[in-house]
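Engineer: Task: produce atomic coordinates for the following.
(chains A and B)
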Amino acid sequence: MFITFGCIAIFFALIVVILQLSGIRDRNFTEYAVGGRSFGANYQAMSFLNTWYPGAMFTAFGGMAASAGVISFYVLSYSLLTVVLMYLMARPVWVWGKTFDLRTQPDLLALRFDSRHIKTIAAVIGIISGIPWLVLGMQALGTLFQQMSLGALTFSDAVIVGVAVIALRQIWTVRMGMRGVVISDMAQGIVAYIGGGAILIGLIVWMIVSQGITFASLDAGKFAIPSIGSKEGPLYVFSLILTGTIGGWCWPYIFVRLFTADGVRSLKKSAAVAVPLSLTFGVALLVFGMLGSQVGGVGGEPNNVWFIVSREAGGLWLLGLAGVVVLAASMGHTDGNIQATGAQIANDLVGNYKTLDQAQLIVIAKLGMLGLTLLSAWLACLELPALFQLAVLAYQGIIQLAVPQFLGIFWRRGNKYGAIAGMTAGFAVAVVLELIYPGYLPWAYGLTSGAVALVVNLAIYVAAAYLVPQSREEEERVEKLFQMVERRSSITGDVVPDAPPQVA
Amino acid sequence: MSFAQKDRPASLPRWVAAWFIVDAIVALAPPLYWAFDGDRTLWLGVPAVVLYFIAVSTCIAASIVAAYFAEVRVEEAG
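Structural biologist: As a prediction, this is how the structure comes out:
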């Protein structure tokens, strides 16, 4: 236990030292919320990965690969396909963000649809939907600390330790804002995905060479994909990949990465840097999980495949490193979530109805982050039986932001009426369907509730775009927004000389 | 003006746009993954169904890297 907790303590101290040495002073709210739009491609890439892949990748998705097999690869398909969306969105989102000093996802929706209310609605959906995932992330640390204690801690005690550690880490997130998040993401990301990937590859080699485990050792069920005649339905995997791809950018803490870069070129380069890492890490993790299912003890606890195989292959030292890797991934995700939510509370809720100066915005964001940390830490220590269902429900709901977000960015037509009505109706349909048919809809060939609700949402948005007449001023305003992006047709497109007044 | 002409992201080469569409098709088209359901035929020592997912992922990753370098080349050529 001294070895495993020692590894965790050294890593935690290292991250704190890095943050302390960075000596960040936030001059204004843009600095605090989006790091002053100052990060290059490498920081952007690692920050995206560290927010995208939480520690649960090693437990939940590693466990899914061990228990269900090849279907777990859907996570890799959507994790890469979503970067294509990032590549396409990079220019318009960054140019509008820089020009109008946008700091959050609702800021962008408010700008595009010229609506104050859409900002509030999007912020409320984002904040409420994010809380169950934040709590789940904190609880997942319970698994980590129980493994690190070699079974000495009960699960509930381990959850309390995990929550205490991650809550302590938030002191630096609250103090340093986005710049602290991105700088620590670099260190955490290197440990989690480069270090973790190297360990995964080593463990795969160990299983093949030393244990004689190959794909031929696995039973046929591990190679099944829900298809025609399956229980889930033939469109189940399609639905998972589609909603995962477009849903990723609906989360405020992912979307805000588009505002932290120092230019369009950095964003696009970050995509090119991130995908090879994501591909290598994802393939290694999922192949590891599938092969790891044959290691003794994993069958009964597939979610612990990462810890069990690490300990089996490398003893306590490797188990300690495995714990460091999961903690590094968890920290990045939790920090990003809390930082983005705090910024939204200040910018999109309080600041949407009350004029605040820069210092007041920063103070409210910090108080929001502190409150959110305490609330989620408290919830994580409770026994909430419906928490996972709430989290799934939240996901099906938040992806309804995708319709106004993506069509608003790529299509000149579309207005606030369609955006608000479609998003609200889509959210309601998703919630009702998910409550009646949790998981997937048997009568819709396996589509998930969120996918069906997206169709309703899209129909309303498109209908309103054609049926609700727009004023000439509104048409001209939107046209100017799109022309602004087209004028900057180069990959750099970083300089914004004639910034119009802020609309949002 | 059509959506494709007017709203296509500026400076994205056509072949890159086509590759991105291929990415979406190979990742999402149900008949493709139905065809590999349960297929354990070994290709380079890897079952076909696993190789399908790895190939799709590699195709997507390669398209993004290629898109970036293509845009840089266009940019540098002025």
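Engineer: from here on, contacts and neighbour counts on C-alpha atoms
Structural biologist: Fine.
Engineer: Could you list the low-pLDDT ranges of chain B?
Structural biologist: Residues of chain B meeting the criterion pLDDT under 70: B:1-11, B:78.
Engineer: interface residues of the stretch 1-150 of chain A facing chain B?
Structural biologist: A:70, A:73-74, A:76-77, A:80-81, A:83-84, A:87-88 (CA under 8 Å from any CA of the partner chain).
Engineer: would you list these in CSV and tack on pLDDT, neighbour count and secondary structure?
Structural biologist: Converted to CSV, the residues of the stretch 1-150 of chain A next to chain B look like this (pLDDT from 0 to 100; neighbours: other CA atoms under 10 Å in any protein chain shown; DSSP: H, G, I helix; E, B strand; the rest coil):
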residue, pLDDT, neighbour count, secondary structure
A:70, 95, 24, helix
A:73, 95, 24, helix
A:74, 94, 20, helix
A:76, 95, 22, helix
A:77, 95, 30, helix
A:80, 96, 28, helix
A:81, 96, 28, helix
A:83, 95, 25, helix
A:84, 96, 26, helix
A:87, 93, 20, helix
A:88, 93, 20, helix
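Engineer: okay if I get those residues as a markdown table plus distance to residue A:206?
Structural biologist: Converted to a markdown table, these look like this (distance: CA to CA, whole Å):
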| residue | distance to residue A:206 |
| --- | --- |
| A:70 | 21 |
| A:73 | 22 |
| A:74 | 26 |
| A:76 | 23 |
| A:77 | 26 |
| A:80 | 28 |
| A:81 | 31 |
| A:83 | 32 |
| A:84 | 34 |
| A:87 | 37 |
| A:88 | 40 |
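Engineer: Send over the helix or strand bottoming out on mean pLDDT in chain A as CSV, restricted to the C-alpha atoms.
Structural biologist: Sorting the helices and strands of chain A by mean pLDDT, DSSP states H and E puts helix A:387-398 at the bottom, at a mean of 78. Taking Å, rounded to 0.1, in the frame of the first residue of the first chain, the C-alpha atoms of helix A:387-398 are listed here in CSV:
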residue,chain,number,x,y,z
LEU,A,387,-27.4,8.2,-10.7
PHE,A,388,-26.2,6.2,-13.8
GLN,A,389,-29.7,6.4,-15.3
LEU,A,390,-29.7,10.1,-14.7
ALA,A,391,-26.4,10.4,-16.5
VAL,A,392,-27.6,8.5,-19.5
LEU,A,393,-30.7,10.6,-19.5
ALA,A,394,-28.6,13.8,-19.4
TYR,A,395,-26.6,12.6,-22.4
GLN,A,396,-29.6,12.0,-24.5
GLY,A,397,-30.9,15.4,-23.5
ILE,A,398,-27.7,17.5,-24.0
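Engineer: what's downstream of it, the next helix or strand?
Structural biologist: Going down the chain from helix A:387-398, the next helix or strand is helix A:402, by DSSP states H and E.
Engineer: which residues touch that following helix?
Structural biologist: A:246-247, A:249-250 (CA atoms under 8 Å, 6 or more residues apart in numbering or on different chains).
Engineer: cool, and stretch A:240-257?
Structural biologist: So stretch A:240-257 is contacted by A:34, A:44, A:47-48, A:51-52, A:74-75, A:77-79, A:81-82, A:85, A:103-105, A:126, A:130, A:336-337, A:339-341, A:395, A:398-399, A:401-402, A:405, A:448, A:450-451, B:27-28 (CA under 8 Å, 6+ apart).
Engineer: Just to be careful, could you list which of these are in helices?
Structural biologist: A:34, A:44, A:47-48, A:51-52, A:74-75, A:77-79, A:81-82, A:85, A:105, A:126, A:130, A:336-337, A:339-341, A:395, A:398, A:402, A:450-451, B:27-28 (DSSP state H).
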